[in-house]
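Student: One predicted model, sequence on top.
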Amino acid sequence: MKTINLINAANSDISYKLIQFPDGQPHIKLDMTSLENIDRKEPLNIISRIATANDLLLVLFIKNSLDYLEFEQVVLNISYLLAARMDRVMTTGEPFSLKVIAQLLNQAGFKKIRIFDPHSEVSTALIDRSYPVTNHTFVQDVLQDYFSRHQPGPFCLVSPDAGALKKIHQLAQFLQVEDVVECMKERDVKTGALTNFTTTASATHLQGKTCFIIDDICDGGGTFTGTAQLLKSKAAARVILVVSHGIFSKGTQLSGVDDIFCTNSFRDLSGVNCRSVLNYL
């Protein structure tokens, strides 16, 4: 299957040129020589990072070009989905942003859309012919990497809030890990303020353990600093953060977190253990 790789142009089977017009509009021109010997009936992959509105426009422009060229099966692979967290109307006066993004993607008519670790099931419910790519293999690789460099010892997987709970139990089943710790917090939807970090795990249970907090996105990091401080107050030895999508809008220095693993699904990062998302798409 041939690929148009928008994350890493060097790995793209089909060459292209990205252009930005003076008014800020993105544009793309596919290299026709790269397309000459490709069967238009065979599936063709687009690998994309939809982190901005311009990223979304580029994907739609490529699909339009391929439609004109009569490609019949265009598959879109999304490493990061814009607005995935806005999966409902949070407060009156705000948009249902994910629904807007879904409508645009649906109108393009992709054969299939694969999304790496979407924030919730709402994404795949709204986007036609879409399927989640779990974080399971990514987390498995992280654990293998971590314990290849550190003395093996007792550890647990940590769900930082109710939203991550269902996915972490599915992950634990995949990894055959029985020790899962559930944490909770309260968020003011109007201000975003986080308070009342709690867990049912006791200090006796957590004492001396390495705690791997698993979640899909780290933006400002408040959830994880609060959870890390809670875990360490209950005698956890180390706290490791494992997130599929690293935004880190306030930097990668998170109080109480000893190490960070993520992918470059949103952007390339230095100063943390950042793995290529292409390994999982």
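Tutor: That came in fine, so what should we check first?

Student: Does R267 touch G246 like I think?
Tutor: Yes - the pair R267 / G246 is scored as a contact, 7.5 Å apart, by C-beta atoms under 8 Å. Just so you know, the C-beta spots here come from the backbone N, C-alpha and C atoms, and that holds for glycine as well.

Student: for the residue nearest the centre of the chain, phi and psi?
Tutor: By C-alpha atoms, centre = their mean, the chain has its centre lying nearest to H245, at 3.9 Å. Backbone torsions for H245, taken as degrees, to the nearest 10, come to phi -120, psi 110.

Student: where do the helices sit along the stretch 101-250 of the chain?
Tutor: Secondary structure of the stretch 101-250 of the chain (DSSP state H, counting those that start in this stretch): helices at 121-126, 136-149, 162-175, 203-206, 222-233.

Student: any chance of these in TSV, with mean pLDDT, mean neighbour count and distance to F212 too?
Tutor: Listed next are those as TSV, based on pLDDT from 0 to 100; neighbours: other C-beta atoms under 10 Å; distance: least, C-beta to C-beta, whole Å:
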stretch	mean pLDDT	mean neighbour count	distance to F212
helix 121-126	97	16	23
helix 136-149	97	15	7
helix 162-175	92	16	10
helix 203-206	92	14	12
helix 222-233	95	21	10
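
Student: Can you check which of these gets nearest to A10?
Tutor: Ranking these by their distance to A10 (criterion: C-beta to C-beta) puts helix 136-149 first, at 22.2 Å.

Student: And the closest one, what does it pack against?
Tutor: helix 162-175, strand 210-218, strand 238-246, strand 259-263, strand 273-275 (3 or more C-beta pairs under 8 Å, 6 or more residues apart in numbering; DSSP states H and E).

Student: So for I14, which of the ones you listed sits nearest?
Tutor: Closest approach to I14 among the helices and strands packed on helix 136-149 (C-beta to C-beta): strand 259-263, 23.5 Å.

Student: Give the rounded mean pLDDT of the closest one.
Tutor: The pLDDT scores in strand 259-263 average 98.

Student: Parallel or antiparallel, which strands does it pair with?
Tutor: Paired strands of strand 259-263, with direction, are strand 238-246 (parallel), strand 273-275 (parallel) (DSSP bridges).

Student: still on that earlier bit, go through the helices of the stretch 101-250 of the chain and name the closest to I46.
Tutor: Across the helices of the stretch 101-250 of the chain, closest to I46 is helix 121-126 (C-beta to C-beta), at 17.3 Å.

Student: So what's the gap between the closest one and the chain middle?
Tutor: 14 Å (C-alpha atoms, centre = their mean, to the nearest Å).

Student: same deal with stretch 244-258?
Tutor: Here stretch 244-258 shows a centroid-to-chain-centroid distance of 14 Å under the convention C-alpha atoms, centre = their mean.

Student: Convert the C-alpha atoms of that stretch to CSV, please.
Tutor: Extracted C-alpha coordinates of stretch 244-258, given in CSV (Å, rounded to 0.1, in the frame of the first residue of the first chain):
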residue,chain,number,x,y,z
SER,A,244,0.1,9.1,23.8
HIS,A,245,-0.1,12.8,22.9
GLY,A,246,2.4,15.2,24.4
ILE,A,247,1.3,18.8,24.1
PHE,A,248,3.1,20.1,27.2
SER,A,249,1.9,23.6,26.8
LYS,A,250,3.5,24.6,30.1
GLY,A,251,6.7,22.6,29.6
THR,A,252,7.8,19.1,30.4
GLN,A,253,9.0,19.8,34.0
LEU,A,254,6.1,18.3,36.0
SER,A,255,6.4,18.4,39.8
GLY,A,256,6.5,14.9,41.3
VAL,A,257,6.9,13.2,37.9
ASP,A,258,10.2,11.4,37.7
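
Student: Identify the contacts common to R267 and G246.
Tutor: Counting by C-beta atoms under 8 Å, 6 or more residues apart in numbering, R267 and G246 have no common neighbour.

Student: Comparing these two, which shows the higher neighbour count?
Tutor: Per other C-beta atoms under 10 Å, whichever of R267 and G246 has more neighbours is G246, with 25 against 14.

Student: ok, that one - contacts?
Tutor: Applying C-beta under 8 Å, 6+ apart to G246 gives the contacts C218, T252, I260, C262, T263, N264, S265, F266, R267, L269, V272, C274.
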